[in-house]
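Peer 1: dropping a prediction and its sequence here:
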Amino acid sequence: MQSVRKSNRAKVGAFIRYTLLIIVGIFMLYPLIWMVFSTFKPNSEIFGAYKLLPVNWTFQAYLDIGISYGGQINLLTAMKNTYTVVLSKVVFTLLSVTITAYGFARFNFIGKKVFFAIMLSMIFLPQTVLNAPQYIMFNSWGWINSYKPLIIPSLFAIDSYFIFMIIQFMRGIPREMEEAATIDGCNSFQTLVFVLVPVLVPALTAAGLFTFMWSSNDFMGPLIYIRTTSKQLTSVFIKMCMDVDRGTDWNRVLAFSLIAITPSLLVFFAAQSTFIEGINAGSVKG
Amino acid sequence: MTGPGPARLAPKRGLRYFYKHNKGLFYISIWIVGFLVFKLYPFGSSLYYSFTDFVLKKNSVITEYGFFNYVKFFTTKSTMNALMVTFKYSFITVPMKLAFALFIAYILSFRIKGVGLFRTAYYIPSILGGSVAIAVLWTALFQKNGIINSLLGAIGVEGPSWLGNGTLALLTISLLRVWQFGSSMVIFLAALKGIPRDLYEAASVDGASKWRQFFRITIPLITPAIFYNLVTQIVQAFQEFNGPYIITQGGPNQATTLISLLIYNQAFKHFNMSYASAMAWIMFIIVAILSAVAFISQKRWVYYADK
């Protein structure tokens, strides 16, 4: 009798849980699905109507993909610019972060604890405090209106979050292989390259993907440093489109936005499990 | 800690010995350079600029030193308003986002079929949410005749003017961040998975209700994750820029003019770097105080298993 009641209660509980999860899921994804269909709608159907599917399909937004703004830039140029920056950043970040993490994870040296504490505390340092003085500095180096302010800092392992993430991964790797390599005559750098890096591939993938998506999203950087429209990156380009086309061609604005986030989405789906493990490794363990 | 302390035994052994025992220092040297050039120097110089009247223009020189930027900040109505709005924004966004993240993570921590599917669905907004594309989407969704109001209309509710009313506009940009609760959720989920099941079983045997178990077992055991999420979210919320800049332009009537917007305008529209630095430092000190409160109080409420 009791067990029947109990299993009924468990069923009700499960029912409530699934219902909640599905409702929340709809709230999470509906805006994105709406966005996809809206790119095929004329303006009159995007606003003042709640139907998800277009009544009169239009593909004009996608035919306009090459349209140029101010005669200087179109979506494709903006995306080319963006991924030039993003891919350099990914490579530089992975290189610098791996080397730094190796130093912290596998060696002792003077002041290690202090350096480590400073490195970690940088996760919490607001970028807003650094924007103005960095601009003054980059300006004095003649870096304004180039991609250097966006790319060069990543050569110097400035992203503590990733250093910490890789350190956590390295701590989980037994040292026997490295010791064997040392006995076989590898120096410490060779050990890093030939022994540790192959084992680190999942962690490096996660860090690389995060860098990819976060720097594709970066808006403040290009907004501040890029002055010439033709050099602009996608994020600022999309904002320009919205300022110009809102009120007339929302479907185009939404279509361009959708195209702009597609690479990040693809990257996420291609490697989502690595991804979520990556976040977990980088965070505190409960 | 392997090997003898190099510092104490160092005399007469020279560079070679130093290198051998401090190799790690060479590996982290790129980070040290990066830290000094791109973090510490800007950080320090912005404090210096904040006490000057430096404006970044050709041949401009500093003529005055003092606290005047700070005085100006605290005696100007519009900046004080921005400070209040920033507090309001953070105190709406951070608790809502964390509560949501924890609630959903808790449900997902039960044996749920298709956990991976739900987790992915909830995480997608977090990877895209920071992008301009999503801010643009948000602008479209919350228009007076946008889809949100159309859907409300379909169930017989007359939708408000989301971006025309100060409180609602602030709520709109706040919702954009709450919608991205996935990143905090994943961290909570990992923490929840780390709780030994037998604790719950023992509590059930003792007749503790699910609610009691949640507050007496679950919450205390995931306090490190709560702490981490709390601090990172506060730091983020105080720096919020994309939402107000793209969706509301700080309006209506300055109701969504967050402090980051003022800093941006001063620094990169007027090139008044000194005033921008002072404002940034005020923001930094507030965030630092809030984090310090969390840090100091964590001894009382954060539970670490290895202690």
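Peer 2: That came through, no problem.
Peer 1: got phi/psi on B:T52?
Peer 2: phi -120, psi -180 (degrees, to the nearest 10).
Peer 1: the longest helix belonging to chain A - contacts with which helices or strands?
Peer 2: For chain A, the helix with the greatest residue count under DSSP state H is helix A:2-38. Applying 3 or more C-beta pairs under 8 Å, 6 or more residues apart in numbering or on different chains; DSSP states H and E, we find helix A:2-38 packed against helix A:250-270, helix B:77-108, helix B:115-128, helix B:132-141. Placement of C-beta: from N, CA and C, glycine included.
Peer 1: who are the packing partners of the helix or strand that contains A:L120?
Peer 2: According to DSSP states H and E, A:L120 maps onto helix A:112-121. Using 3+ C-beta pairs under 8 Å, 6+ apart as the contact test, the elements touching helix A:112-121 are helix A:75-106, helix A:160-171.
Peer 1: between those helices, which gets nearest to chain B?
Peer 2: Set against chain B and scored by C-beta to the nearest C-beta, those come closest in helix A:75-106, at 2.9 Å.
Peer 1: quick one: that closest one to helix A:160-171, angle?
Peer 2: 50 degrees (axes from the mean of the first three to the mean of the last three C-alpha atoms, to 10 degrees).
Peer 1: and helix A:75-106, what does it pack against?
Peer 2: Using 3+ C-beta pairs under 8 Å, 6+ apart: helix A:75-106 touches helix A:112-121, helix A:148-151, helix A:160-171, helix A:197-217, helix A:234-245, helix A:250-270, helix B:23-27, helix B:29-34.
Peer 1: switch the cut-off to 7 Å
Peer 2: The helices and strands touching helix A:75-106, judged by 3 or more C-beta pairs under 7 Å, 6 or more residues apart in numbering or on different chains; DSSP states H and E, are helix A:148-151, helix A:160-171, helix A:197-217, helix A:234-245, helix B:23-27, helix B:29-34.
Peer 1: show me chain A divided up by domain.
Peer 2: Annotated domains of chain A cover A:2-63, A:69-282 [automatic domain parsing].
Peer 1: tell me the most buried of those domains?
Peer 2: Counting by mean count of other C-beta atoms under 10 Å in any protein chain shown, domain A:69-282 has the highest mean neighbour count of those, with a mean of 19.
Peer 1: taking the centroid of chain B, which residue is nearest it?
Peer 2: Using C-alpha atoms, centre = their mean, the residue of chain B that lies closest to the mean C-alpha position is B:Q236, 2.0 Å off.
Peer 1: check what pLDDT B:L117 gets.
Peer 2: Listed pLDDT for B:L117 reads 85.
Peer 1: residues near B:K72, how many?
Peer 2: 13 (other C-beta atoms under 10 Å in any protein chain shown).
Peer 1: not counting sequence-adjacent ones, nearest residue to it?
Peer 2: B:Y275 (7.1 Å; C-beta to C-beta, 6 or more residues apart in numbering or on different chains).
Peer 1: what does A:I118 give?
Peer 2: B:F35 (6.9 Å).
Peer 1: the residue nearest to B:K72 touches B:V71, doesn't it?
Peer 2: No - judged on C-beta atoms under 7 Å, B:Y275 makes no contact with B:V71 at a distance of 11.2 Å.
Peer 1: B:V293 and B:T256: what is the separation?
Peer 2: 26 Å (C-beta to C-beta, to the nearest Å).
Peer 1: phi, psi of B:S109?
Peer 2: phi -80, psi -10.
Peer 1: returning to that earlier point: check which helix or strand the residue nearest to the centre of chain B maps to.
Peer 2: Here B:Q236 is assigned to helix B:223-238, by DSSP H and E.
Peer 1: what residues are up against B:Q266?
Peer 2: B:272, B:275-276, B:279 (C-beta atoms under 7 Å, 6 or more residues apart in numbering or on different chains).
Peer 1: same thing with A:L76?
Peer 2: Taking C-beta under 7 Å, 6+ apart as the test, what A:L76 contacts is A:65-66.
Peer 1: and A:V201, what pLDDT?
Peer 2: 87.
Peer 1: state the distance from it to B:S45.
Peer 2: 40 Å.
Peer 1: likewise for A:P42?
Peer 2: Taking C-beta to C-beta, one finds A:P42 at 53 Å from B:S45.
Peer 1: check B:Y65 too.
Peer 2: Separation of B:Y65 from B:S45 (C-beta to C-beta): 14 Å.
Peer 1: low-scoring stretches of the stretch 101-250 of chain A, by residue?
Peer 2: A:247 (pLDDT under 70).
Peer 1: surely A:F237 meets A:T77?
Peer 2: No - the pair A:F237 and A:T77 fails to qualify as a contact (C-beta under 7 Å) at a distance of 8.4 Å.
Peer 1: who has more neighbours, B:Y65 and B:S45?
Peer 2: B:S45 (19 against 11).
Peer 1: find the nearest non-adjacent residue to the more buried one, please.
Peer 2: A:P133 (4.5 Å).
Peer 1: shouldn't the one you found be within a strand?
Peer 2: No - counting by DSSP: H, G, I helix; E, B strand; the rest coil, A:P133 is not part of a strand but helix.
Peer 1: so what's it up against?
Peer 2: B:42, B:45-46, B:49, B:277.
Peer 1: top of those residues by number of neighbours, please.
Peer 2: B:S277 (30 neighbours).
Peer 1: name the SS class of it, please.
Peer 2: Relying on three-state DSSP, one would call B:S277 helix.
Peer 1: quick one: it from chain A, how far?
Peer 2: For B:S277, the distance to chain A (C-beta to the nearest C-beta, to the nearest Å) stands at 5 Å.
Peer 1: then B:N242?
Peer 2: From B:N242 to chain A the distance is 6 Å (C-beta to the nearest C-beta).
Peer 1: next up, the contacts around that residue.
Peer 2: Contacts of B:N242 by C-beta under 7 Å, 6+ apart are A:219, B:130, B:132, B:135.
Peer 1: so which of the residues you listed is the most crowded?
Peer 2: B:V132 (28 neighbours).
Peer 1: got a pLDDT number for it?
Peer 2: 91.
Peer 1: residues in contact with it?
Peer 2: A:219, A:235, A:238-239, B:242, B:246.
Peer 1: just A:C186 next, same as before
Peer 2: A:F194.
Peer 1: so what's B:Y200 closest to, chain neighbours aside?
Peer 2: Closest residue in space to B:Y200, ignoring its immediate chain neighbours: B:Q213 at 5.9 Å, by C-beta to C-beta, 6+ apart.
Peer 1: in which helix or strand would I find that neighbour?
Peer 2: helix B:210-213.
Peer 1: next structured bit after that helix?
Peer 2: Next along from helix B:210-213, by DSSP H and E: helix B:219-221.
Peer 1: ok now that following helix, how far from the chain's centre?
Peer 2: Centroid separation for helix B:219-221 versus its chain: 22 Å, with C-alpha atoms, centre = their mean, to the nearest Å.
Peer 1: buried ones in that helix, by neighbour count?
Peer 2: B:L221 (16 or more other C-beta atoms under 10 Å in any protein chain shown).
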